[in-house]
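Enquirer: All I have is the shape, not the residue letters:
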């Protein structure tokens, strides 16, 4: 049913006033701008008091144009968490992660995970997998007690809102796709690692000091002379080891001859029996 064809423009001020009272400016501008959303759309039904938190997340995720296009092409089934599930039962750390500007892609994936591009009523609730607008699949099943479930979330308000272009089921908790959970765990692990890294640690120079070149000498200065100090002690002659200073002399050195061996340094070779040649 076309909204403008039945005097919709005459009712437009009333619709805008009603949407303003609900406090969702994005949907108000979409209706006032002549978009595909009309007063009977399932997207406008998200302004219901039970699902305003989800509507606000749609606005923060900048997904309204995407959902407008989706509802214009086919019907939608919305699995809407209750406000209580998003306000008090959601992990505060996970909620901060979703609302960080750098994690917009994760927030969009999570929101689109609650939309299925087909109309699924409770009477035909099958035990099957359905592809969501996020690209992942949700598992629809019925428990032994007769409760309808979406993945691990119980449908607490089946067929809560029925519109010509879709249906909304109220669920007890938020649906989190695996990709978003992995992104959150990865970010949390990186935060834990950065929290234990030491700060202000001294820098260690990997190059040995001995291998470093000496700094250049200033212009006009004499070149440095090599050091004459031996790096290892040089063994001295036994003769010099027994030189003792003479206290009576001034600066002279006296050799202690009693400690010097009388043996010659080199043995003489006997020549008495040497053969003679004529």
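Expert: Received, thanks. Quick caveat, the model's predicted, so the values are computed rather than measured. Numbers count the residues shown, from 1 in each chain.
Enquirer: For the lengthiest strand in the chain, buried residues please.
Expert: Assignment by DSSP state E gives strand 153-163 as the longest strand of the chain. Buried residues in strand 153-163, counting neighbours by 16 or more other Cβ atoms under 10 Å, are found at 153, 155-156, 158, 160-161, 163. (Glycine included, C-beta is placed from N, CA and C.)
Enquirer: That one pairs with which strands?
Expert: With DSSP bridges as the test, strand 153-163 is paired with strand 148-150 (antiparallel), strand 166-171 (antiparallel).
Enquirer: Could you export the ones you listed as JSON lines, including mean neighbour count and mean pLDDT?
Expert: Formatted as JSON lines, the strands paired with strand 153-163 follow (neighbours: other Cβ atoms under 10 Å; pLDDT from 0 to 100):
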{"stretch": "strand 148-150", "mean neighbour count": "20", "mean pLDDT": "93"}
{"stretch": "strand 166-171", "mean neighbour count": "24", "mean pLDDT": "94"}
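Enquirer: mind giving me CSV with those strands and columns for distance to residue 180?
Expert: Output for the strands paired with strand 153-163, formatted as CSV (distance: least, Cβ to Cβ, whole Å):
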stretch, distance to residue 180
strand 148-150, 16
strand 166-171, 17
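Enquirer: Residue 56: which element?
Expert: Assigned by DSSP states H and E, residue 56 belongs to helix 52-60.
Enquirer: name the helices or strands packed onto the helix or strand just after that helix?
Expert: Toward the C-terminus, helix 52-60 is succeeded by helix 64-73 as the next helix or strand (DSSP H and E). Applying 3 or more Cβ pairs under 8 Å, 6 or more residues apart in numbering; DSSP states H and E, we find helix 64-73 packed against helix 25-32.
Enquirer: per-residue confidence averaged over the helix it packs on?
Expert: Per-residue pLDDT values across helix 25-32 average out to 46.
Enquirer: now stretch 91-99
Expert: Across stretch 91-99, pLDDT averages out at 92.
Enquirer: List of residues touching that stretch?
Expert: 57, 60, 86, 103, 106-107, 110, 184, 187-188 (Cβ atoms under 8 Å, 6 or more residues apart in numbering).
Enquirer: now, which of these sits nearest residue 39?
Expert: residue 57 (22.0 Å; Cβ to Cβ).
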